[in-house]
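J.: A predicted structure for the sequence below; I have some questions about it.
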Amino acid sequence: MAITGRTRTDPDGWVYILTNPAWPSHCKIGKALDLKDRVKVYQTGSPYRDYRVAASAYFKNRKAAERDLHELLRGHRIGKTEWFFVHPEDASAMLRRVSKRRRHERTRARAVGKRSAR
């Protein structure tokens, strides 16, 4: 999951859903270049090292994908944080939905590009 030579401004990367058994109905939804490293950072804040990745997906534009997922779950957001009061399975289903939609958009854009090149 680690990719060397990357910078924070690179658009592609991971959108992830983190959980912790201390808060069973809460999910942290974020984005990262290096998912493994991001989880390590969270583990330092827990004496039990018990944060888990409930789901993750790789996107060409991680910022836009994260924004889409946040928007789908806006009614569950806790304040202005990246924490949501939502079951991890429901959040994971929404992440799959975003991934499928973005994959469909890329496929459609390629097809339109091929038609216009004729």
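T.: The structure has been received and is ready for your questions.

J.: could you use CA atoms for every contact and neighbour count after this?
T.: Fine.

J.: can you give me the helices in this structure?
T.: Ranges of helices in the chain, per DSSP state H, are 35-43, 62-72, 88-116.

J.: contacts for stretch 69-80 next, please.
T.: Under the criterion C-alpha atoms under 8 Å, 6 or more residues apart in numbering, residues 29, 83-86, 91, 94-95, 98 lie in contact with stretch 69-80.

J.: export those residues as CSV, with columns for neighbour count, pLDDT and distance to residue 58.
T.: Shown next, in CSV, are those (neighbours: other C-alpha atoms under 10 Å; pLDDT from 0 to 100; distance: C-alpha to C-alpha, whole Å):
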residue, neighbour count, pLDDT, distance to residue 58
29, 25, 98, 14
83, 19, 98, 20
84, 23, 98, 21
85, 17, 98, 23
86, 19, 98, 22
91, 25, 98, 16
94, 17, 98, 14
95, 25, 98, 11
98, 21, 97, 11
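
J.: closest one of those to residue 54?
T.: residue 91 (8.8 Å; C-alpha to C-alpha).

J.: state the distance from that closest one to residue 28.
T.: 10 Å (C-alpha to C-alpha, to the nearest Å).

J.: give me the common contacts of the two.
T.: The contact sets of residue 91 and residue 28 overlap at residue 17 (C-alpha under 8 Å, 6+ apart).

J.: least confident of the helices of the chain, on average?
T.: Lowest mean pLDDT within the helices of the chain: helix 88-116, a mean of 79.

J.: show me what counts as buried in stretch 32-50.
T.: 32-35, 39, 50 (16 or more other C-alpha atoms under 10 Å).

J.: pull the most distant pair out of those.
T.: Maximum pairwise distance in the buried residues of stretch 32-50, criterion C-alpha to C-alpha, is 21.3 Å, between 33 and 50.

J.: tell me how many other residues surround residue 24.
T.: When neighbours are counted by other C-alpha atoms under 10 Å, residue 24 registers 12.

J.: middle-most residue in this protein, spatially?
T.: Centrality entry for the chain: nearest residue to the mean C-alpha point is residue 15, 1.8 Å, by C-alpha atoms, centre = their mean.

J.: can you pick out the most distant pair from the contacts of stretch 69-80?
T.: Within the contacts of stretch 69-80, 85 and 98 form the most distant pair, 18.7 Å apart (C-alpha to C-alpha).
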